[in-house]
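Colleague: Here is the input, now give the coordinates:
(2 chains)
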Amino acid sequence: MDRPFRRGVLDCAPFVLIIVPFGALFGVLATEAGLPVSQVMAFSVVVIAGAAQFTAVQLMAEGAPAAVVIASALAVNLRMVMYSAAMVPHLGSAPLWQRAGLAYMLVDQSFALAQATYEAQPNLPVARKVAYFAGLIALLFPTWVGATWVGAVLGAQVPESWGLDFALPLTFLALVGPMLRSRAHMAAAFVAVVAALLLTWLPWNLGLICAGLLGMATGAEVERRMS
Amino acid sequence: MNVWAIIVILGVLTYLTRFAFLGLVGNRPLPAWFERHLRYTAVSILPALAVPLVVWPDAVGTAPELARLVAAGAALGVAAWRRDAIAGVIAGGLVMVLVAAFQ
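Modeller: Numbering: from 1, shown residues only, chains lettered A, B, ... in the order given. From the prediction side, this is the model:
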């Protein structure tokens, strides 16, 4: 891959269209919940996790105790531990300061695009993998923070008819599509989806984590039997 | 506890979830069985996150919307077929617009 940084920027460019309204929506909701602009921005800069930020602000608006706010938002983010582990085979040999920097911006979109690219090009040198990841977050992070600011300061409202709540799951499914390259991958996705639908009753978003683990175990088992 | 404390604590803990493996394991080799599981992280977690939101956009147990189910299927199917996530997003979006136009 030539110019991996540039490739990263280009690959995630279309997802800016989804992130902008989402960041703006967070800015609007957090402001309506009574947070000053400084705190709204701090959320997007420090936490950088859409779903967890929405959860935290909603609970704060409802007057939940701080410990409940933190625990609930953290449960939403527990999947990041798995993302972090999945990046080890690809980025583990990079210098610590680079890994520490990339970890800060390991979000759903950057993880999904990086994983898809690294799997398609397993022999890419680690420096190029790092550059590709840097390209992804060089666009994703400022977009997320900038969109939050637009929502918080300008109060840019997103019409409900845009079906924004649907844009995010749609993007995630589209990101997964190209990765369904083997029977093991398809089996993993299938089991994870069925489990996620059956386990929605579990508290603290644990259904997602359990479904993910079941899917991963399925994929690994199918791969082992077929090799 | 004030809001600043919540933001900082949540930020630090979230960072630790992201740093946990990537930062601490680094270049040490992972057991083969573990690495085999990790290859299926993305294809497991992302659909498990997305599909319940597609089926029950408002709350668990409410009636699923046919348009969303078809659009989600189109996004996944086209993305898998063309090996292109963007093509999937466009296909899903088009289906949503078309269904809305004919409703």
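Colleague: gap between A:S72 and A:M80?
Modeller: A:S72 sits 15 Å away from A:M80 when distances are taken as CB to CB, to the nearest Å. Where C-beta positions appear, they are placed from N, C-alpha and C, glycine not excepted.
Colleague: The two - which one has more neighbours?
Modeller: Comparing A:S72 with A:M80 by other CB atoms under 10 Å in any protein chain shown, the one with more neighbours is A:M80, at 26 against 18.
Colleague: counting contacts, what elements does the helix or strand hosting the more buried one pack onto?
Modeller: Assigned by DSSP states H and E, A:M80 belongs to helix A:79-91. Packing partners of helix A:79-91 (3 or more CB pairs under 8 Å, 6 or more residues apart in numbering or on different chains; DSSP states H and E): helix A:96-104, helix A:108-120, helix A:126-149, helix A:206-226, helix B:3-24, helix B:32-38, helix B:41-55.
Colleague: Helix A:108-120 and the first one, what's the angle between them?
Modeller: Between helix A:96-104 and helix A:108-120, the angle formed by their directions is 120 degrees, by axes from the mean of the first three to the mean of the last three CA atoms, to 10 degrees.
Colleague: Find the residue at the geometric middle of chain A.
Modeller: By CA atoms, centre = their mean, chain A has its centre lying nearest to A:D108, at 1.7 Å.
Colleague: try chain B
Modeller: For chain B, the residue sitting closest to the mean C-alpha position, by CA atoms, centre = their mean, is B:L46 at 3.1 Å.
Colleague: Relative to chain A, which residue of chain B is the closest?
Modeller: Here chain B gets closest to chain A at one residue, B:A79, 2.4 Å apart by CB to the nearest CB.
Colleague: measure the residue in chain A that chain B sits nearest to to A:D11 for me?
Modeller: The minimum distance from chain A to chain B, using CB to the nearest CB, falls at A:G177 (2.4 Å). Distance, A:G177 to A:D11, by CB to CB: 15 Å.
Colleague: starting at the chain centroid, how far to stretch A:47-62?
Modeller: Computed by CA atoms, centre = their mean, to the nearest Å, the chain-centroid distance of stretch A:47-62 equals 14 Å.
Colleague: Please, which helix or strand holds B:L30?
Modeller: Using DSSP H and E, B:L30 falls within no helix or strand.
Colleague: go on, B:P64?
Modeller: Using DSSP H and E, B:P64 falls within no helix or strand.
Colleague: For the nearest residue to it once chain neighbours are set aside, list the residues it contacts.
Modeller: The shortest distance from B:P64 to any non-neighbouring residue, by CB to CB, 6 or more residues apart in numbering or on different chains, is to B:V55 (4.8 Å). By CB atoms under 8 Å, 6 or more residues apart in numbering or on different chains, B:V55 lies in contact with A:L197, B:P64, B:L69.
Colleague: just A:F111 next, same as before
Modeller: A:Y83, A:A86, A:M87, B:A42.
Colleague: mind redoing it with 7 Å?
Modeller: A:Y83, B:A42 (CB atoms under 7 Å, 6 or more residues apart in numbering or on different chains).
Colleague: swap in the one 3 residues further on?
Modeller: Taking CB under 7 Å, 6+ apart, we find A:A114 in contact with A:Y132, A:F133, A:L136.
Colleague: I'd like to know which elements the helix or strand bottoming out on mean pLDDT in chain A is packed against.
Modeller: Sorted by mean pLDDT, DSSP states H and E, the helices and strands of chain A end with helix A:164-176, the least confident at a mean of 85. Where contact means 3 or more CB pairs under 7 Å, 6 or more residues apart in numbering or on different chains; DSSP states H and E, helix A:164-176 is packed against helix A:16-32, helix B:41-55, helix B:66-82, helix B:85-102.
Colleague: If we use 10 Å, what do you get?
Modeller: Under the contact criterion of 3 or more CB pairs under 10 Å, 6 or more residues apart in numbering or on different chains; DSSP states H and E, helix A:164-176 touches helix A:16-32, helix A:108-120, helix A:183-198, helix B:41-55, helix B:66-82, helix B:85-102.
Colleague: So, low pLDDT: which residues of chain A?
Modeller: Applying pLDDT under 70 to chain A flags residues A:156-164.
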